[in-house]
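[1] Prediction below, plus the sequence it came from.
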Amino acid sequence: MKLHKITAASLFLISNFWFSQEKPKVEKETKIEEVTIIKTKKAVEQKADRTIFDFSEQPHLNSGTVMEGVKKLPGLVVTDIAGMMYQGKPLDVYMDGRPLNISSNELNGFLEGMPANAVERIEIITQPGAEFPATSGGAIMNIITSKSAKNYLSATYSGNYNFTNYDKLRSRTNNSLNLNAKNKYFGWQLNIGQNYRESMMATNIDDLSATNTDGRRRGYFAKGALTFDMGLDRLLLNYDIYQNDNSSHILSTGRYFGMPYLSDDDSESNSLRQDAVATYQKRFDDPSKKLDFKYNFTSSVSDFNQANRLQNLNVLENKSTMNISTFKIDYSQPLQLLDEGKISIGGLYDHQHLETESRGITNLNYRRQTAATYLELQAKLNKFDFILGTRAEDYDISGTTRSSLNATEEKLHPFKKFRLFPNASIQYNFMNQVYLALNYNKKISLPGISSLNPNNVTYQNPNSVTTGNPNLQPTIFDNFEAKISAFDYAFVGYSMNVANNQVVQMVTRETMTDPITGLSNDYIVNRNMNVSEVRIHNFNVGLPIPFMIFTKPFSEIMKFDFNPDKINFMYLYAAYQKHELPDLDTKGFWLFNIMSQVILPKDIKLVANYSLIPTGANYYYFETVKPIGNSIDITFSKKFMNDRLNVSIFANDILNGQQMVLRSLAQQPYPVLGNKYDSRSFGISVNYKIPTKNKLAKEAPNLLNQEKKEENGGIITPAQ
């Protein structure tokens, strides 16, 4: 099969995907009794500044936890070492338009504790504009959980059960219920859910230790929202609460000062996160003119304890408390620039206070104040779209720390800076949904909580130590990107990220000597450091291929009436990524993702997903020893009862090949770190839309944030 035929058929397929989802024109009539609009959601939607993945209608993404769904997104890499990256850019994680502001360790647990069927969609904003905080760094992953309010009571139940069989049967379950309604006075929404997850992880650190962790995660969440209409204006109130209670039994073996040891430990990790938001939206007769005021308060408390069973000894007893207050103003209106244009301005004040303690003694008191303002202009000229903006941010970071319980208190290195963060983009539209985009922005990334926290909030045995670095400095990013996109599904892109003072994880093998006996012992140290400059190059391509090109002549394919839910096709994604470090000769790595859809008899949909990162490449200061990912996931799904009930049966990592083995190249000797989760699982998932008395009720349109703005997910959008 010639390549040009595959390419032509693919472009024809995606063009039909696009045009099949356009709303039909309605001719003007004297009287219209009733109009029913049915909108088909796109599985993937490419925009100039973001890629949108629909979760609500994708059983292979929403059958498990949010973390399991995220790992299947093409171009996204999740590692325990370096966190999340999308197309070479570190991700700042938001939920419903607001940053989560939690550590990388807690983030994994948070996303594993939330069912994916509670998510509407995930937006990955690869080019955050001036209206986004400059602290977004390289890119933003915005998890949208909200649903639009309706003119009647609506209820949806989602449930899931699955199990693993790595060494024994372990069960996992989650349940959630979403309720929403509105009347002529106000709208309301309530989403509640729980998650229970049993899991196993085997970890090896060189020849120093082998650890087996048998864990249980229990998560609970409730998200409530109220919307009050006041003429054209709206008042929106949100309150979210998340609680996670995790426990683990850990067995570790190794050698300590030449003698074998056995460590038998229990660990407990508890966290409570509360988020309250009040938003006032001033609207005008001109619907394109908007003024928003938003106040957000977030409180998060986390405890971590580790106790040794054999010695009846408390090994670790650490706690952290974080409070964040944020006030924002955003204003936009049309402006006569070239053919048409718009101006957006706004401001922000943010205050964060983080306090950590160990055994009742405060060892970190961290305060950060940020004041910001921005200006952004958008314009159109013929087939060109232009964006030019800048954001000014003033930082005042200070605090105190103690390196150990007996040490004297020391001041942190202060960071008091005023900086400008420009952004610019130009887009040429060849035709509807076919464009070439060039983008640039400057961003900053402030050290995360887990990087600053001097406490160890992960498991510790005699041969491993994990420490935070409260004196880390912020990272400045220059992000460049060029992308050609065609009808959301096919694209070719290249991006380069230049990071100054990049925070990276360093793992080294070190030796200590007992001054009395003279015996020596090797141990592993895990710490975070600033690196002067890191460059990341990323080339990526995505292409859909309909299976009919292998069985039908192209002339017949051109006559085919495509429906993306009713055809068999494969989606190919490939990326090449290289990390350039100042003191290391690095090798790039390939990332492959293949998703295939096959429609079986009785309208049963089969979706298979495979991802792989081969060996021998550099991921910051780590080298892949074994393939990352290497996972095959299969989902069978079918809709019943006029599409109100969706049932899915799935098997994740059916070959049990998902593991991570990395060699740290930070310092000789280069230690090898490996872990293996019980990632192979089998289960069933159901999504049931409870019927209402009004059979002809329609979903209210979502009129907020139709332009390039932050998504206010979690806030009910009332019908008009």
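    Thanks, I have the structure now.

[2] give me phi/psi at residue 577?
    phi -130, psi 140 (degrees, to the nearest 10).

[3] how close does it get to residue 680?
    27 Å (Cβ to Cβ, to the nearest Å). The way it works is simple: take the backbone N, C-alpha and C, and place the C-beta from them, glycine included.

[4] So between these two, which is more surrounded?
    Taking neighbours as other Cβ atoms under 10 Å, residue 577 and residue 680 compare with residue 577 leading, 23 against 20.

[5] Now do the same contact list for that one.
    87-88, 536-539, 588-589, 591 (Cβ atoms under 8 Å, 6 or more residues apart in numbering).

[6] Apply 7 Å and report the result again.
    Listed by Cβ atoms under 7 Å, 6 or more residues apart in numbering, the contact set of residue 577 reads 88, 536-538, 588-589, 591.

[7] Ok, residue 386 next?
    378-379, 426.

[8] Mind checking which of the residues you listed are in strands?
    378-379, 426 (DSSP state E).

[9] Make JSON lines from these and add distance to residue 494, neighbour count and pLDDT to it.
    Listed next are the ones in strands among the contacts of residue 386 as JSON lines, based on distance: Cβ to Cβ, whole Å; neighbours: other Cβ atoms under 10 Å; pLDDT from 0 to 100:
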{"residue": "378", "distance to residue 494": "24", "neighbour count": "22", "pLDDT": "93"}
{"residue": "379", "distance to residue 494": "25", "neighbour count": "18", "pLDDT": "94"}
{"residue": "426", "distance to residue 494": "15", "neighbour count": "15", "pLDDT": "93"}
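
[10] Out of those, which comes closest to residue 544?
    residue 426 (27.0 Å; Cβ to Cβ).

[11] coming back round to it: which of the contacts of residue 577 has the largest number of neighbours?
    residue 88 (28 neighbours).

[12] Bridged to the residue nearest to residue 50 when sequence neighbours are not counted, which residues?
    Leaving out its chain neighbours, the residue that sits closest to residue 50 by Cβ to Cβ, 6 or more residues apart in numbering is residue 125, at 4.3 Å. Following DSSP bridges, residue 125 is listed with bridge partners residue 50, residue 140.

[13] Return the residues in contact with residue 125.
    49-50, 139-140, 142.

[14] now, among the ones in strands among the contacts of residue 386, which is nearest to residue 659?
    residue 426 (43.3 Å).

[15] OK, contacts around that closest one?
    384, 386, 438.

[16] so of the residues you listed, which ones are in strands?
    384, 386, 438.

[17] doesn't residue 483 make contact with the last one?
    No - shown here, residue 438 and residue 483 do not form a contact pair, counting by Cβ atoms under 7 Å, at 8.3 Å.

[18] Who has more neighbours out of these two?
    When neighbours are counted by other Cβ under 10 Å, residue 438 and residue 483 differ, and residue 483 comes out ahead with 22 against 14.

[19] Check whether that one sits in a helix, strand or coil.
    With DSSP: H, G, I helix; E, B strand; the rest coil as the basis, residue 483 sits in strand.

[20] Quick check: it vs residue 389, distance?
    19 Å.

[21] Residue 121 too?
    Distance from residue 121 to residue 389, by Cβ to Cβ: 25 Å.

[22] same deal with residue 290?
    17 Å.

[23] Check residue 644 too.
    Following Cβ to Cβ, the distance that separates residue 644 from residue 389 is 45 Å.

[24] between those two, which one's more packed in?
    residue 389 (21 against 13).

[25] Which strands border the helix or strand containing residue 213, and is each parallel or antiparallel?
    Assignment of secondary structure by DSSP states H and E places residue 213 within strand 209-230. Sheet pairing for strand 209-230, assigned by DSSP bridges, gives strand 186-205 (antiparallel), strand 233-256 (antiparallel).
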